[in-house]
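A.B. asks: generate coordinates for the sequence data below:
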Amino acid sequence: MSTEAHGRTTRLELDDQALREWEAVVLDAGPDGIVLDRSAFYPGGGGQPPDHGVLLWQGVQTRIAGVRKGDDLVLIPVEGDPVPPVGTVVQGAVEDDRRTALMRTHSGLHLLCGVVFRDYGCLVTGGNMEPLTARMDFDLREVPPGFKQAVEDACNAEVQADRRIDIRTLPRTEAFEIPDIIRTATNLVPPEVQDVRIVDIVGLDTQADGGTHVGSTKQIGRITVAKVENKGRGFRRLRIKVEE
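C.D. replies: Okay, the predicted model is just below:
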């Protein structure tokens, strides 16, 4: 698997999703943001929010409240926290509880997507998540009787099946030869992206995706379909919760 960079920052979290602490050097810094040479902070995208965490340096702590994507990957410090000078060696640390919850939730959404596509043939029209709670919108014109419970039961059967979740990167042409690789109604992979990251719930769901995930469906935990909403024009919103 190749290591990805965003501007001057090597992104560590895409190759090692268990990584929570690492050493880095400050390349740029100011009250509006900090650029590191290496970072495991997920910057957000695909509905998954950015990580929180800290930088530790010379006995000082800088809390990180988010990440901004531009020419560089810019870490946003909590207002009023000290900022390390350029050239400082820092220890980065991602807030583990939040990241782990988001990984479980993101994998849960992929599992939900796979179940609804397999059982009802519906494409995704939108989605969003916070730790252990999320929503996903589907192009579903008619809601069959018992749909909510049937989806929940099918999702939890796949959780118990303990399917492996594999991640790999493929050349664009090879990735798009995979049947149904795009499960959204609109292809969200920009044409300039030539290496496509693939998240594969083995035997259930294979999608292009840039987020972080757990290693198997059993690590997601129990999924509850809390509500099915009608969003108009045949679009249905499923709200889920992820439990232990």
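A.B. asks: looking at the chain, which helix or strand is least sure?
C.D. replies: The helix or strand of the chain with the poorest confidence is helix 172-175; it has a mean of 83 (mean pLDDT, DSSP states H and E).
A.B. asks: other SSEs contacting that one?
C.D. replies: Other elements packing on helix 172-175 under the criterion 3 or more CB pairs under 8 Å, 6 or more residues apart in numbering; DSSP states H and E are strand 195-201. Where C-beta positions appear, they are placed from N, C-alpha and C, glycine not excepted.
A.B. asks: quick revisit: buried residues of the least confident helix or strand of the chain, list them for me.
C.D. replies: Counting neighbours by 16 or more other CB atoms under 10 Å, one finds that the buried residues in helix 172-175 are Ala175.
A.B. asks: just the CA coordinates for that helix, please, in PDB.
C.D. replies: C-alpha atoms of helix 172-175 as PDB (Å, rounded to 0.1, in the frame of the first residue of the first chain):
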ATOM      1  CA  ARG A 172      -8.200   4.100 -11.200                       C
ATOM      2  CA  THR A 173      -8.800   2.000 -14.300                       C
ATOM      3  CA  GLU A 174      -8.500  -1.200 -12.300                       C
ATOM      4  CA  ALA A 175     -10.700   0.100  -9.500                       C
END
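A.B. asks: and the residue nearest to Glu243 when sequence neighbours are not counted, how many neighbours?
C.D. replies: Residue nearest to Glu243 in three dimensions, not counting chain neighbours: Arg222, with 4.5 Å by CB to CB, 6 or more residues apart in numbering. For Arg222, the neighbour count with other CB atoms under 10 Å is 14.
A.B. asks: and Arg222, how far is that from Thr133?
C.D. replies: Using CB to CB, to the nearest Å, we find Arg222 at a distance of 13 Å from Thr133.
A.B. asks: then Leu112?
C.D. replies: For Leu112, the distance to Thr133 (CB to CB) stands at 13 Å.
A.B. asks: what do these two both touch?
C.D. replies: Jointly contacting Leu112 and Thr133 under the rule CB atoms under 8 Å, 6 or more residues apart in numbering are Ile240.
A.B. asks: between those two, who's got more neighbours?
C.D. replies: Neighbours around Leu112 and Thr133, counted as other CB under 10 Å, are more numerous at Leu112. The numbers are 27 against 16.
A.B. asks: and the more buried one, what helix or strand is that in?
C.D. replies: If you go by DSSP states H and E, Leu112 is part of helix 96-120.
A.B. asks: for whichever helix or strand comes after that helix, buried residues please.
C.D. replies: Using DSSP H and E, the next helix or strand after helix 96-120 towards the C-terminus is strand 124-130. Across strand 124-130, burial judged by 16+ other CB under 10 Å covers 124-125, 127, 129.
A.B. asks: list just the nearest of these to Ala154.
C.D. replies: Val124 (16.3 Å; CB to CB).
A.B. asks: isn't that closest one right up against Gly114?
C.D. replies: No - the pair Val124 / Gly114 is not scored as a contact, 10.6 Å apart, by CB atoms under 8 Å.
A.B. asks: assess the claim that Asn230 and Phe147 are in contact.
C.D. replies: No - with contact defined as CB under 8 Å, Asn230 does not count as touching Phe147 (11.9 Å).
A.B. asks: the two: which has the busier surroundings?
C.D. replies: A direct count of neighbours by other CB under 10 Å for Asn230 and Phe147 places Phe147 higher, at 18 against 11.
A.B. asks: what sits closest to that one if chain neighbours are left out?
C.D. replies: Val228 (6.6 Å).
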